[in-house]
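Colleague: let's see this in three dimensions:
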Amino acid sequence: MSRLYAEDLKVAYGEREIVKNLKIDIPDREITTIIGPNGCGKSTVLKALSRILNPKSGTVYLDGKSISKESTKKIAQKMAILPQAPDSPDGLTVGELVSYGRYPYQKGFGKLTKKDYNVIDWALSVTGILDYKERPVDALSGGQRQRVWIAMALAQETDIILLDEPTTYLDLSHQLEVLELLHQLNRDEKRTIVMVIHDLNHAARFAHHMVAMKEGSIVKEGKAEEVMTHKVLFDVFNIDAEIGVDPRTRKPVCLTYDLVKSEQYEKNLA
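Modeller: Predicted coordinates:
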């Protein structure tokens with residue numbers, strides 16, 4: 001049994017039901033990527049798993065206990081979440097922002113201890129930004145800022161990190177830089193990583209486990225080779241995709257695609 005999983009999950013915004021009777025298991029110490037069209041419920045699932053959103057019904061479990069019955073600090077000691085395009089208060093230095101990751105362990109007046117400072121420096125070092133510790137966050141590039149937010153998550157000392165589109169607004173090199181960092185954290189630190197990603201090829205390249213969603217439900221999950229298929233991409237995105245194999249990673253890649261407009265094509269595919 002996975003440490004983090006959900007059963008019969010329903011999540012709604014007002015009367016509009018976004019996630020429907022969803023069951024999901026997050027493999028421990030692996031990278032899980034979630035793909036799907038805009039509005040399908042990817043980010044909503046991530047928010048429900050991290051208790052940012054309360055489900056209409058169903059239960060999210062962490063270490064065998066319902067997260068709805070656990071204290072906020074207890075959850076924050078086990079699981080960190082980075083929302084899409086997070087903002088930091090003006091004027092904060094890198095070190096100050098990363099120190100926020102120690103909040104779940106603070107008591108009384110919240111003064112940082114020697115251990116807190118050691119953990120902060122470790123998180124900055126692992127993410128390659130220790131030299132930026134005294135710099136203002138808003139003076140950094142997009143890729144550097146993403147590293148700062150990941151460092152803050154690491155400072156929480158959680159085994160599970162959830163990220164909502166961590167490569168949004170980044171150029172190609174910075175996207176790869178962030179994803180390779182997360183891959184390194186999974187490989188070397190054994191962190192469980194869950195990411196919502198729009199880029200299908202990135203999702204397949206870095207995933208041990210992929211989840212494809214549409215209209216609040218899981219269409220297919222499994223290894224990248226099982227999810228990145230012609231039929232699954234048609235079912236999820238309504239595209240006619242050509243799938244190949246990356247010669248460097250041996251992972252499936254979407255080489256090209258067309259929108260499907262013909263009802264006859266759908267009949268032929270079935």
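
Colleague: is it correct that residue 33 is in contact with residue 199?
Modeller: No: between residue 33 and residue 199 there is no contact under Cβ atoms under 8 Å: 9.6 Å. Every C-beta, even on glycine, is put in place using the N, C-alpha and C of the backbone.

Colleague: and the two? which has more neighbours close in?
Modeller: Higher neighbour count among residue 33 and residue 199: residue 33, with 27 against 16, using other Cβ atoms under 10 Å.

Colleague: and the pLDDT at the more buried one?
Modeller: With respect to pLDDT, residue 33 has a value of 98.

Colleague: quick check: what element follows the helix or strand containing it along the chain?
Modeller: Assessed by DSSP states H and E, residue 33 sits inside strand 31-35. Using DSSP H and E, the next helix or strand after strand 31-35 towards the C-terminus is helix 42-49.

Colleague: hey, where'd the strands end up in the protein?
Modeller: For the chain, the strands defined by DSSP state E occupy 4-13, 16-26, 31-35, 57-62, 65-66, 79-82, 160-164, 192-196, 209-214, 217-222, 239-245, 252-259.

Colleague: got CSV for these, with distance to residue 144 too?
Modeller: Converted to CSV, the strands of the chain look like this (distance: least, Cβ to Cβ, whole Å):
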stretch, distance to residue 144
strand 4-13, 29
strand 16-26, 28
strand 31-35, 22
strand 57-62, 31
strand 65-66, 37
strand 79-82, 15
strand 160-164, 16
strand 192-196, 19
strand 209-214, 28
strand 217-222, 33
strand 239-245, 33
strand 252-259, 28
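
Colleague: with respect to residue 170, which of these lies nearest?
Modeller: strand 160-164 (12.6 Å; Cβ to Cβ).

Colleague: average pLDDT for that closest one?
Modeller: pLDDT averaged over strand 160-164 gives 96.

Colleague: now do that strand against strand 16-26, angle only.
Modeller: 140 degrees (axes from the mean of the first three to the mean of the last three Cα atoms, to 10 degrees).

Colleague: tell me the gap between strand 160-164 and the middle of its chain.
Modeller: Remark: strand 160-164 is offset 4 Å from the chain centroid, using Cα atoms, centre = their mean, to the nearest Å.

Colleague: any stretches of the stretch 51-200 of the chain with poor pLDDT?
Modeller: In the predicted model of the stretch 51-200 of the chain, residues 108-109 satisfy pLDDT under 70.

Colleague: stretch 225-238: end-to-end distance?
Modeller: The straight-line separation of the ends of stretch 225-238 (Cα to Cα, to the nearest Å) is 19 Å.

Colleague: list the buried residues of it.
Modeller: 227, 228, 229, 232, 233, 234, 235, 236, 237 (16 or more other Cβ atoms under 10 Å).

Colleague: stretch 174-190 now?
Modeller: Within stretch 174-190, the residues that count as buried by 16+ other Cβ under 10 Å are 174, 175, 176, 177, 178, 179, 181, 182, 185, 186.

Colleague: list just the nearest of those residues to residue 47.
Modeller: residue 182 (19.2 Å).

Colleague: which ones are touching that closest one?
Modeller: Counting by Cβ atoms under 8 Å, 6 or more residues apart in numbering, residue 182 touches 31, 150, 161, 163, 166, 193, 195, 206.

Colleague: kindly report the same for residue 140.
Modeller: With Cβ under 8 Å, 6+ apart, residue 140 has these contacts: 94, 132, 148.

Colleague: over to residue 93?
Modeller: So residue 93 contacts 133, 134, 135, 136, 137 (Cβ under 8 Å, 6+ apart).

Colleague: mind redoing it with 6 Å?
Modeller: When contacts are counted by Cβ atoms under 6 Å, 6 or more residues apart in numbering, residue 93 touches 134, 136.

Colleague: so how far is residue 142 from it?
Modeller: In this view, residue 93 and residue 142 are 18 Å apart by Cβ to Cβ, to the nearest Å.

Colleague: same check, this time on residue 72
Modeller: 29 Å.
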